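1. Got a sequence here, can you model it:
(chains A, B, C and D)
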There are 2 protein chains.
Amino acid sequence: MATGRTHRPATRSRGIPEATVARLPLYLRALTALSERSVPTVSSEELATAAGVNSAKLRKDFSYLGSYGTRGVGYDVEYLVYQISRELGLTQDWPVVIVGIGNLGAALANYGGFASRGFRVAALIDADPAMAGKPVAGLPVRHTDELESIITDNGVSIGVIATPAGAAQQVCDRLVAAGVTSILNFAPTVLSVPEGVDVRKVDLSIELQILAFHEQRKAGEETSPAQETAVAAAAQPRSGAGVRPAPGGRKGPDGDVPAVMPA
Amino acid sequence: MATGRTHRPATRSRGIPEATVARLPLYLRALTALSERSVPTVSSEELATAAGVNSAKLRKDFSYLGSYGTRGVGYDVEYLVYQISRELGLTQDWPVVIVGIGNLGAALANYGGFASRGFRVAALIDADPAMAGKPVAGLPVRHTDELESIITDNGVSIGVIATPAGAAQQVCDRLVAAGVTSILNFAPTVLSVPEGVDVRKVDLSIELQILAFHEQRKAGEETSPAQETAVAAAAQPRSGAGVRPAPGGRKGPDGDVPAVMPA
DNA sequence: TTGTGTGAATGAGTTCACAGCT
DNA sequence: AGCTGTGAACTCATTCACACAA
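-> The predicted structure is shown next:
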């Protein structure tokens, strides 16, 4: 099935840009904090600072939702909380199942921010029979055999996978077959799902590797002035090959010296 | 950004695009799997499929690293593994500290992919005196008091924050003051750090909210025209100002995780 | 005057499509 | 023939800067 249909007529979302959607939860969190302190209104500047973005971006983001602010004044906190919640679909409660109740699964189950923000843990599922019935975060762990019925009975459409990498795809397939259409994957695997199913992944080692990349870059250009890539290029202390390998140069994987060692 | 430093990132002489950097770990993982199966070479098409991206993107990404492939043939797996590892800075071992050894911290400490890919857990740190000395993932938990000396003695430059939201900024400040320049934050807070310090965040509830947004959208267009979103629809108050949902009506996002408080 | 809302300008990231090496 | 490497076209995202409403 190499030639899968790469057709994607759908997703013609003339709606809110994806980048904006990804920031709405951030705004919502900042607004909720303000709301708790009974702050009535905020300016884009203040809210942007609290959310860690710049005000122009925030205003642009909000402009996709509608004109919810008041010129010369700012935004009504409560009103915005409501509008964003509604936009994100948090005015309803989403039942969620967590599959794989190891250290991570337990951590997720115990995460407080769950229930308070539109989500409800419908069930914790694990393949280990020894875990069955054992309470975690106040819920009894259910065995994988029950997965399908749990999904169906509770109308679950969002599943969280916290299993070892080896089990992830299988679990994913079962979740999808049972009706789940959104998956949050914590296992270090690329999941393949049918069209229409959304997958987001959270991957510790990828994040660390990205940090390592930047960390290495910092170390490499320490003594340099301000901060610049263009200039730093010349000083790259990389080994042999370099970035732009010699055009007609060698490229064989043969005896290449494993340079680069910690100083 | 905070500081309006209008610099000149103009010419792209040497920087690898951020989006590409974020995918390198993905390629590396796929390549490592191939390497283990002793596959000697891969085409961009095959590798792209394994990594979950399309081949044009993959080739473009690799082009930033150099010309490491062979036309008509593909890429040498071992060679690419090495080149990407080097680019990501994984040819050296990065000592990492994990602060906040609750459910999540323990899960991270137990995560296997750590040591095998260029990272080494130098220490587990928690503010709870009762945790001190207790072994987690084979390492004794150290008390927060020792944070600075641990960082210094081990030359740690990457820190992972897995504390409750309330403690995160404080921990962050101490890590930075002690010399950490890259932080992976699992706490649901916006951390503020001085320039030069990198922060990446992993946030469960944000991911879920993004999924909910798309989930809601699916429900709205695919199923019957009549949405169950009646709840939200009915409360649409846009005309006068000052219209706000019942102040005391919404539930508080409390339910914070227990324990762990720095001095 | 203050601060939103938004076209226009700029920049980043992706996809196309094909020249060129093996 | 097969497959990489890459300019060019295109799409998405961010930033600018200012008209306009309160």
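2. Enumerate the positions of the longest strand along chain A that are buried.
-> Determined from DSSP state E, the single longest strand within chain A is strand A:119-126. Judged by neighbour count using 16 or more other C-beta atoms under 10 Å in any protein chain shown, the buried positions of strand A:119-126 are A:119, A:121, A:122, A:123, A:124, A:125, A:126. Placement of C-beta: from N, CA and C, glycine included.
3. Now the residues you listed in CSV, please, with extra columns for pLDDT and distance to residue B:86.
-> Written out in CSV, the entries for the buried residues of strand A:119-126 read as follows (pLDDT from 0 to 100; distance: C-beta to C-beta, whole Å):
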residue, pLDDT, distance to residue B:86
A:119, 96, 41
A:121, 96, 42
A:122, 97, 45
A:123, 98, 45
A:124, 98, 41
A:125, 98, 41
A:126, 98, 39
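4. With respect to chain B, which of these is nearest?
-> The closest of the buried residues of strand A:119-126 to chain B turns out to be residue A:119 (C-beta to the nearest C-beta; 5.7 Å).
5. beta partners of the closest one?
-> In this structure, residue A:119 bridges to residue A:94 when assessed by DSSP bridges.
6. My read is that it contacts residue A:92, right?
-> No - if you go by C-beta atoms under 8 Å, residue A:119 and residue A:92 don't touch, sitting 10.3 Å apart.
7. where do the contact lists of the two overlap?
-> Residues within reach of residue A:119 and of residue A:92 at once, by C-beta atoms under 8 Å, 6 or more residues apart in numbering or on different chains: there are none.
8. quick one: low-confidence parts of the stretch 51-200 of chain A?
-> Across the stretch 51-200 of chain A, the stretches falling below the confidence threshold (pLDDT under 70) are A:115.
9. Briefly note if the biggest helix by length in chain A comes near chain B.
-> Taking residue count as the measure and DSSP state H as the definition, the longest helix of chain A comes out as helix A:18-36. Yes - remark: helix A:18-36 sits within contact range of chain B at A:21, A:22, A:24, A:25, A:26, A:28, A:29, A:30, A:32, A:35, A:36, by C-beta under 8 Å from any C-beta of the partner chain.
10. all helices of the stretch 101-250 of chain A, in order?
-> A:103-110, A:147-154, A:165-178, A:204-220, A:229-235 (DSSP state H, counting those that start in this stretch).
11. Can I get these in JSON lines including distance to residue B:69?
-> JSON lines is the format used below for these (distance: least, C-beta to C-beta, whole Å):
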{"stretch": "helix A:103-110", "distance to residue B:69": "37"}
{"stretch": "helix A:147-154", "distance to residue B:69": "42"}
{"stretch": "helix A:165-178", "distance to residue B:69": "27"}
{"stretch": "helix A:204-220", "distance to residue B:69": "21"}
{"stretch": "helix A:229-235", "distance to residue B:69": "23"}
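12. any idea which of those helices is most buried?
-> helix A:103-110 (a mean of 23; mean count of other C-beta atoms under 10 Å in any protein chain shown).
13. List the contacts of it.
-> A:98-99, A:101, A:121, A:124, A:126, A:136-137, A:139, A:160, A:162-163, A:186, B:102-104, B:106-107, B:110, B:204, B:257.
14. buried sites along stretch A:31-46?
-> Neighbour counts over stretch A:31-46 (16+ other C-beta under 10 Å) mark A:31, A:32, A:34, A:35, A:41, A:42, A:43, A:44, A:46 as buried.
15. and it, does that touch DNA strand C?
-> Yes - interface with DNA strand C: stretch A:31-46 contributes A:42, A:43, A:44, A:45 (C-beta under 7 Å from any atom of the strand).
16. element containing the last one?
-> Using DSSP states H and E, residue A:45 maps to helix A:44-51.
17. How about the residues of chain A by DNA strand C?
-> Taking C-beta under 7 Å from any atom of the strand as the criterion, the neighbours of DNA strand C within chain A are A:42-45, A:55-56, A:59-60, A:62-63, A:67-75.
18. Buried ones among the residues you listed?
-> For the residues of chain A next to DNA strand C, a burial check counting by 16+ other C-beta under 10 Å picks out A:42, A:43, A:44, A:59, A:62, A:69, A:74, A:75.
19. how close does the fourth one sit to residue A:78?
-> Distance of residue A:59 to residue A:78, given as C-beta to C-beta, to the nearest Å: 19 Å.
20. and the angle from the longest helix of chain A to helix B:204-222?
-> Taking axes from the mean of the first three to the mean of the last three C-alpha atoms, to 10 degrees, one finds that helix A:18-36 is oriented at 120 degrees with respect to helix B:204-222.
21. Need the contact partners of helix A:18-36.
-> Where contact means C-beta under 8 Å, 6+ apart, the residues beyond helix A:18-36 that reach it are A:42, A:47, A:50-53, A:57-58, A:60-62, A:64, A:77-78, A:80-81, A:84-85, A:87-88, A:90, B:188, B:190, B:203, B:205-206, B:209-210, B:213, B:250, B:252-253.
22. These also near DNA strand D: which ones?
-> Under the cut-off given by C-beta under 7 Å from any atom of the strand, DNA strand D has A:53, A:57, A:60 from the contacts of helix A:18-36 close to it.
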